[in-house]
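Asker: Starting from these lines, generate the structure:
(chains A, B and C)
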Amino acid sequence: MLMSRFFIHNVFILFILAHVVFADPVQRFPKPDFESGYERPILQTPDPRALTLEYLDVFVLVAALSLASYFALRKRSRRHIFVLMVFSLIYFGFWRKGCICSIGSVQNVVYALFSHAYAIPLTVVAFFAVPLIFTLFFGRTFCAAVCPLGAAQDVVVLKPIALPGWLNQMLGIIPYLYLALSVLFAATGAGFLICRYDPFVGFFRFGASFNLILFGAFMLLLGTVVARPYCRFLCPYGVLLNWMSRLSRKHLSITPSDCINCRLCEASCPFDAINKPVEAELHEKREKSIRRLSFYLVLTPVIILASGWGGSLLHIPLSRSHFSVRLAKEIKLQDEGKLRLATDETDAFRASGKSTSELYAEARDIQRRFKVGGWIFGGFLGLVFSLKLISLSVFRKQEIYEADRGDCYSCGRCFSYCPVGKEGVDLEKLKEKAEDKAKFG
Amino acid sequence: MAEKTRREFLKSGANTAAALAVGGVAGLAIGIADRGKLVWQLDPELCIQCEKCATNCVLPESAVKCVHSYSMCGYCDLCSGYLEPGAKSRDTGAENQLCPTGAIQRTFIEDPYFEYQIDKELCIGCGKCVKGCGAFGNGSLYLQVQHDRCLNCNECAIARACPAQAYKRVPAETPYILRGEEAGRYAASI
Amino acid sequence: MNDKKDMNTRELFYVLAKRAVIISAIFASIMAILLIANFIQTQSVDPLNSKALNQLLQSLQENPQDEVLKEQIRALDLLARKAYFTHQWQIRTGGLLLFISVLVLLISLKYISSLQAQLPNFDDSKKENPWETRLLARRFIIYAGLGLFVLAFVLGVFSRNELGEPRKKDKVTFATSKELKENWPTFRGPEGIGHAYHTNVPTTWNGATGENITWKVVVPKSGLNSPIIWKKKIYMAGADEESREVYCYDADSGDLLWTKEVNNIPGSPNEVPDVTEDTGYAAPTMATDGERVFAIYANGDLISFDLEGNRLWAKNLGLPDNHYGHSSSLFTFKEKLLVQYDTNEKKQLFAFHTVSGEQIYATPRDDVQISWASPVLVNTGARDEIILNSNPFVISYNPDNGQELWRVKCMDAEVGPSVAYADGWIYAVNEYAVLAGIKLEGTPQTVWEYEDDLSEASSPVATKDFLFLASSYGTVTCFDAKSGEVYWMHEYDEGFYSSPIVVGDKVFVMDRDGVVHIFKAAKEFEAVADNELGEKSDTIPAFMHNRIYIRGEDHLFCIGK
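Answerer: Here you go, the predicted structure:
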């Protein structure tokens, strides 16, 4: 007993004297033998959400997509779509707290393809692929009523304004940039950008950093007048959906039969996704148009190469987003005596006993990946810019009012504006509308 | 009419190609996919108790909390995880407690042993006690992500902030990285 | 009639919705403001880390018996915790209330706007000209693209890669082993085995009278490390509790060419390491590879300078938990600086890149006890080996990658002496253990052992035929190197911490009083001379330029003819 008190006393002194020591599990004190019959409590380790519930999520996703496609293409009912959208908002948003979502799953897929250390869960693959497949068949019905981010913005649309066409086109480039950057980050293991800057997930979880909440609130406020700003000008998954939707087998149509060019639906789309008839006549000389088009066509490889080079130039600043590169830099500066301050990161590294050359090799490898990735990133953006320019130089005749296959979210807002019934013009429907209007001006 | 069918044909081909592309990417991913589920957990051996777990979780109250491997605990009277360094007396007075929220309950068992229990309602996951226990004690106190609270975000915000890179995705069947005899709980399935 | 009733209800709902809009909007703004205020408040004051509480705790340290103070602390602590959890509750509740009010606001607004549905308006004046739109879009997209490109260019060109380009191995220059043998680059001379290759040195001198003393200079800070020499420059380290220095002396004149402070090292602890007087703060001898010099100190500071004293790199290996003080000397091998870094917590053999200081390997050696000996390089003809003496194993490592080559269990207690090597044999010794003759051929194993007059600090030295061992009791024993047979044993008045050095056919060994005893390396004991330095010393003399350089307690002596 005396001995143990002495021991404890010594430890007590040590306790006061000692400085920073990293915790290592060391059995410093023997395991006691209890005489009073005391039983050690059991450590409680609550289980994570069951796997079956994850599969339920996939089931709900497929069911919601099927219903959304049915409502948009067959039933042609905005009301049904709206109800389903609110359900998705509650289920995928507030109940499942916005994770995992299809938008973010792009990164998981890329990360899994480039990192051997990560085995992507099957459910995440499903969240990535199923909406794309559905879009290939029915258009972007995922955006209409399944995506919780889209739903959160859709419910706040109050007085949408039409943006100038050029602005729409220009801002429409951002999602490509965001997608390319997110893929680059995921492929190099630098992190998941899309999740990091998801503006709405903070609302779903009732908690996020202050800045993110601010960003989310701004997006929702903006969303009252500029409908679905995230979907249109940020969403990286939207890029993929856009491509799939352009090639889709079926797609929502504004009118159930033939368009009569009545112009009623002209301003009905808050997302500027209705293609209006364009007069056939040219506003400039045909030669000029052709010259411009060929110029852009010839320039395309040059643009791709130049922007690829630009992207590769960025590999040093971009690689700093990776933890290991940042750490290697700090360690290096410390060793050179240029940085005196030790950070938690450098302390942890030094305590880990890993060799600096290993760290530097890893960091350089990541930089190299960013260099290769930078070329692809830049080249891709160059291609996007070129294609955009080319598509803006091509004259395409448009005779009827039609949903833009790429941009239309299949929300069904335009249905009620169309006076045409399945069998042609529905006079009854027109009359009803007029009366309704007269009743309550 | 001929032109229309040609366009239809081209479109249908493109559609099939796109479907194959999506299927291909998904198939590649499925090839390396895990049938199960992954959850976030922190490796206590790498943890440096920087206190970032307490503040970086997306939840206002962090999903990371202190756990106690009783099998490793020395049941010390002078518990360096419970008492402030330099505490003048060994009692439950607030001036002696290391825990900022008083989440550790100290109970007398038998001379000279005391039991320490974590009140998870009060624990904020700062790891002050972990630091104390690891530096001078047996290291039976350590931090773990509590899966009844964790939302399993796609990119864990704490993992991103962790200076020791102690966070990793672990299979949901073995969702904790425990110490002592408690570790055996998941040993069979690993 | 029905229509009218319908109208009235709708009007009523309209008014209600309008009111709901106003009320919920006001409520939501109040909630938002409250939440933001709450956020700002907790940003500025963290209730769990309050200044007032910390101050009270501080004063309690000074008055541990103050019961009133304790009560104050407890009250304040309770308050702080309440504040913390209330804040958590406020955020949760506030957030929920804000959410509900926004929801009500939204629903009412939607309802109102649904009542105010307007027929499409065909105002063609607002209609965009598609050609104009395309022109503008093309223009702005080109601007945006060019802008992005310029941004990328500027960012890319002006960002420096702090990691630098990968180092090129072939660019590292270092002395050849021939050059190393022409100099005195490490503890106990070239390869650390106690053999001097400059044999034409004086055998008589007297530090007190000045006989044969070419020059003698005061060394600013003390240190038990021995001088190392590269060409005409002598390097030594000195340190005390507060600071650490490296000195460079001119070998001909004894002029102090430069002094460099060892400071501003990241991770260098503020704590002063616990050392005994016998070890001090600068016990390890420096090392040079002919291009750079390296020094390590008791607090774990490791630093590199070029020969002119320009600092190359520095790092701290962590304050060592070493109850005597760190004493293992440095060693260079090709482009590597080898550091035996044994502490009570962790035992490791490090290799750092001599140019960059990058760690090349860190071989753990946790199955041995902490050792105070130094690395010795052995070239068996087949390969290079770095041999470390420790309890209970003598372990050999491949210096290229730090992989263990072999180990022999023969040591015990707290190991101080480094091993001796000659002709394919290793000799390891320690007080309270044994003197072991280990034959390296085939599987290295102990061939003979001896148990008397063992040394605790002084390392043995071997030739092809003989092994010489000096002990702290003042004995010098000569063995047959291959059989362990004792040829002779001579007792001096003073004990030995310094190690014997073989210089041609003679052996030089300095006792703790600074007297260098010289005797023949032969089967029979034959004294050559005993020379006084005039001050105490435990370092190893350096033999070069036909001179002997000895670091005494206070001075550096140059002994020449």
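Asker: looking at this, C:Phe352 is in a strand?
Answerer: Yes - membership of C:Phe352 in a strand is supported by DSSP: H, G, I helix; E, B strand; the rest coil.
Asker: how about low-confidence regions in chain B?
Answerer: B:1-4, B:187-190 (pLDDT under 70).
Asker: what's near enough to touch whichever residue of the stretch 301-450 of chain C sits closest to chain A?
Answerer: Nearest residue of the stretch 301-450 of chain C to chain A: C:Gln359, at 4.1 Å (C-beta to the nearest C-beta). Using the backbone N, CA and C atoms, a C-beta is placed for each residue, glycine as well. The contact partners of C:Gln359, by C-beta atoms under 8 Å, 6 or more residues apart in numbering or on different chains, come to A:355-358, C:350-353.
Asker: Who does it form a beta bridge with?
Answerer: C:Phe352 (DSSP bridges).
Asker: returning to that earlier point: ok, the contacts of C:Gln359 vs chain B, which is closest?
Answerer: For these, the nearest to chain B is A:Glu358 (13.5 Å; C-beta to the nearest C-beta).
Asker: pLDDT-wise, which helix or strand of the chain ranks last?
Answerer: If you meant another chain, say so; for now it's chain A. helix A:2-17 (a mean of 40; mean pLDDT, DSSP states H and E).
Asker: right idea, wrong chain: chain C
Answerer: helix C:51-62 (a mean of 82).
Asker: Do any residues in the biggest helix by length in chain C lie close to chain B?
Answerer: Assignment by DSSP state H gives helix C:67-115 as the longest helix of chain C. Yes - interface with chain B: helix C:67-115 contributes C:69-70, C:73-74, C:77-78, C:80-81, C:84-85, C:88, C:91-92 (C-beta under 8 Å from any C-beta of the partner chain).
Asker: give the contact list for the residue positioned nearest the centre of chain A.
Answerer: Nearest to the geometric centre of chain A sits A:Ile103, at 3.8 Å (C-alpha atoms, centre = their mean). Residues counted as contacts of A:Ile103 (C-beta under 8 Å, 6+ apart) are A:147, A:149, A:194, A:198, A:235-237.
Asker: how about the strands in the stretch 451-561 of chain C?
Answerer: Remark: strands assigned in the stretch 451-561 of chain C by DSSP state E, counting those that start in this stretch are C:461-462, C:466-470, C:475-480, C:486-491, C:501-503, C:506-510, C:516-520, C:527-531, C:542-544, C:547-551, C:555-559.
Asker: neighbours of residue 90, just the number please.
Answerer: With no chain named, the answer covers chain A. Using other C-beta atoms under 10 Å in any protein chain shown, A:Ile90 is surrounded by 14 other residues.
Asker: Switch to chain C, please.
Answerer: Using other C-beta under 10 Å, C:Gln90 has 15 other residues around it.
Asker: and what of A:Lys431?
Answerer: 11.
Asker: Assign a three-state SS to B:Glu182, would you?
Answerer: helix.
Asker: hang on, the earlier thing: adding pLDDT and neighbour count, write the contacts of C:Gln359 out as JSON lines.
Answerer: Converted to JSON lines, these look like this (pLDDT from 0 to 100; neighbours: other C-beta atoms under 10 Å in any protein chain shown):
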{"residue": "A:Ser355", "pLDDT": "71", "neighbour count": "18"}
{"residue": "A:Thr356", "pLDDT": "75", "neighbour count": "24"}
{"residue": "A:Ser357", "pLDDT": "75", "neighbour count": "18"}
{"residue": "A:Glu358", "pLDDT": "79", "neighbour count": "15"}
{"residue": "C:Phe350", "pLDDT": "93", "neighbour count": "19"}
{"residue": "C:Ala351", "pLDDT": "93", "neighbour count": "28"}
{"residue": "C:Phe352", "pLDDT": "91", "neighbour count": "29"}
{"residue": "C:His353", "pLDDT": "89", "neighbour count": "19"}
